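[1] Fold the following and give me the result.
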Amino acid sequence: MPPAEPPQPPASVAAPAALVEAAPAAERPERMNRGAVLWVALAIFAQESVWNFYDAQVPAQLRHFVSSATVIGLLMGLDTGLGVIVQPWMGLVSDRLARSRTGRWPIVVAGACVAAVPFALIPWATSLPTLMLCIFAFGLTANSFKGVTETLVSDYVAPQQRGRAQGFIKAGVSLTIIVSALISLLVVDHSLKAAFAIPPVLMVVMVALSYCFLGRRHPTALRREDTGTRTGTDTDTDTDQADPLSSQWAVLKDLVREPSRARLLLMAGIFCFAGMWAALRSLTTPYGTEVLGMTRGAAGGIALPGAIAFLICVVPLAYLSHRLGELRMIRYGIALFVAGLLVGFAEPTPAFTAASVAIASIGYAVFSVNGLVALWGLAPNNRVLGAYTGLYTVASASGMALGPALLGATVDLTGWRYMFLNAAVLGAVTFAVFTLVARRAGRPLAATS
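    Below you'll find the model as predicted:
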């Protein structure tokens with residue numbers, strides 16, 4: 001007679017928290033739908049192609065009207081700060097649409113078309129107020145569908161395969177950094193208006209293609225755990241009526257009341273790392289012009305080696321994370337991120353700076369693969385994944401809003417020459433936060449074993 005299976009732990013935060021740090025479950029995972037991953041990656045590529053160029057060139061655009069690095073950092077953080085307000089709400093709206101015939105796609109398609117207009121108008125702004133109007137309009141509309149697009153992977157990919165799917169998707173995202181760097185190198189110094197027109201055109205075309213090939217198949221692509229595992233009298237209507245997390249306030253209340261505080265701590269770590277990455281991306285182009293004596297277009301191309309390194313490493317890192325655990329790999333990534341920054345500080349030349357950004361990009365690749373998947377693993381059920389993507393955005397967008405301003409303030413105090421050293425110190429603080437996150441997330445595992 002086979003031995004009895006051990007009792008399963010209750011459906012609480014303890015089980016998901018253990019899964020974040022530990023290796024994957026022993027169940028044999030079903031095969032990943034690579035076709036779906038490809039088209040989701042294309043949709044995310046479409047929006048990230050705009051955001052990467054925005055981060056590379058808008059700070060230089062602001063320097064026509066603002067001289068303080070702190071103020072530039074604050075202004076660059078305003079648009080991402082909109083995500084704190086917009087994305088959790090839009091995530092809940094998309095969760096309600098997820099099981100309809102169209103799924104989340106109407107939000108993605110409409111948002112891409114609207115956001116393209118203010119982005120293309122940025123280089124036409126002749127004063128700070130008009131420039132800020134374009135930035136605000138773009139930030140509001142782009143944030144309305146950014147998190148929704150990232151949640152698409154949860155609609156088409158099984159939970160056991162989402163980490164690996166994120167690896168392929170982030171590889172596609174790294175291509176947007178290459179595209180942004182190439183536009184900076186080849187177009188910006190010749191025609192700034194043409195350079196700002198290329199990314200939004202790419203975004204609209206690629207979102208349309210992704211919807212044509214994947215969005216229309218949505219009714220047959222709903223996950224089996226949502227549609228095929230119900231028993232008794234469970235129906236969509238019954239489940240929706242019984243769902244205690246049917247509003248944004250209910251999700252937030254559940255987050256705050258969770259006993260181990262694992263979700264809040266993870267969001268704190270996401271806040272720190274996203275802030276440092278945003279600060280590095282936002283201020284590297286001004287650093288190149290101020291310290292390295294490069295042209296604006298050449299300084300914008302510093303990110304190209306980092307994008308290539310990201311592209312090469314992100315998929316192997318996703319498979320390695322599947323074996324070692326998300327939080328452990330994130331800590332390794334932070335350590336590599338800090339090491340890269342120290343390389344850039346040691347030798348302030350274009351070649352060493354490019355190598356520094358490449359090393360830091362590999363460290364960030366570890367986080368980009370694992371951060372959202374780890375938070376999904378802590379979600380109380382699959383019906384709030386869009387809302388939890390919004391919470392991820394709250395943490396990351398808050399960091400992105402404050403990170404550039406914080407690093408810019410240190411630059412104002414010490415000078416541009418010490419920017420990479422200042423960022424390394426802040427990165428060390430981030431490592432300490434994630435170490436605390438890992439310890440706290442591991443406590444439920446010890447308590448239930």
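[2] all contacts plus neighbour counts: C-alpha atoms, from now on.
    Noted.
[3] What is the three-state secondary structure of residue 67?
    Following DSSP: H, G, I helix; E, B strand; the rest coil, residue 67 is assigned to coil.
[4] what about it, distance to residue 125?
    Using C-alpha to C-alpha, to the nearest Å, one obtains 17 Å as the distance from residue 67 to residue 125.
[5] out of these two, which sits in the more crowded spot?
    residue 125 (14 against 10; other C-alpha atoms under 10 Å).
[6] Report the contact partners of that one.
    Contact analysis of residue 125 by C-alpha atoms under 8 Å, 6 or more residues apart in numbering lists 131, 134.
[7] what helices or strands is the host helix or strand of residue 299 leaning on?
    Residue 299 belongs to helix 296-300 when assigned by DSSP states H and E. With contacts taken as 3 or more C-alpha pairs under 8 Å, 6 or more residues apart in numbering; DSSP states H and E, helix 296-300 sits against helix 34-62, helix 262-290.
[8] Let's have the ones you listed in a markdown table, adding mean pLDDT, mean neighbour count and distance to residue 84.
    Output for the helices and strands packed on helix 296-300, formatted as a markdown table (pLDDT from 0 to 100; neighbours: other C-alpha atoms under 10 Å; distance: least, C-alpha to C-alpha, whole Å):
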| stretch | mean pLDDT | mean neighbour count | distance to residue 84 |
| --- | --- | --- | --- |
| helix 34-62 | 81 | 23 | 16 |
| helix 262-290 | 82 | 24 | 11 |
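[9] Same list (the ones you listed) but as JSON lines, adding distance to residue 364.
    Formatted as JSON lines, the helices and strands packed on helix 296-300 follow (distance: least, C-alpha to C-alpha, whole Å):
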{"stretch": "helix 34-62", "distance to residue 364": "15"}
{"stretch": "helix 262-290", "distance to residue 364": "7"}
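[10] distance between the helix or strand just after the helix holding residue 299 and the chain's centre?
    Proceeding N to C from helix 296-300, the next assigned helix or strand is helix 303-324, under DSSP H and E. Relative to the chain's own centre, helix 303-324 is displaced by 15 Å; criterion: C-alpha atoms, centre = their mean, to the nearest Å.
[11] Can you spell out which helices and strands pack onto helix 303-324?
    Short answer (3+ C-alpha pairs under 8 Å, 6+ apart): helix 303-324 packs on helix 162-183, helix 350-378.
[12] rewinding a little: can you pull out the residues in contact with the helix holding residue 299?
    Against helix 296-300 from outside (C-alpha under 8 Å, 6+ apart): 56-57, 60, 181, 184-186, 188-189, 284-289.
[13] now, among the residues you listed, which is nearest to residue 359?
    Set against residue 359, the nearest of the contacts of helix 296-300 by C-alpha to C-alpha is residue 284 (14.3 Å).
[14] Skipping its backbone neighbours, what lies nearest residue 61 in space?
    Nearest non-adjacent residue to residue 61, counting by C-alpha to C-alpha, 6 or more residues apart in numbering: residue 123, 7.6 Å away.
[15] The one you found - how many residues pack around it?
    When neighbours are counted by other C-alpha under 10 Å, residue 123 registers 20.
[16] same check, this time on residue 97
    Residue 97: 16 neighbours (other C-alpha under 10 Å).
[17] now residue 350
    Quick note: residue 350 (other C-alpha under 10 Å) scores 18 neighbours.
[18] ok, now which ones touch it?
    Residues near residue 350 by C-alpha under 8 Å, 6+ apart: 288, 292, 302.
[19] Please tell me how far it sits from residue 296.
    13 Å.
[20] Go ahead and confirm residue 411 touches residue 421.
    No - using C-alpha atoms under 8 Å, residue 411 is not in contact with residue 421, being 10.1 Å away.
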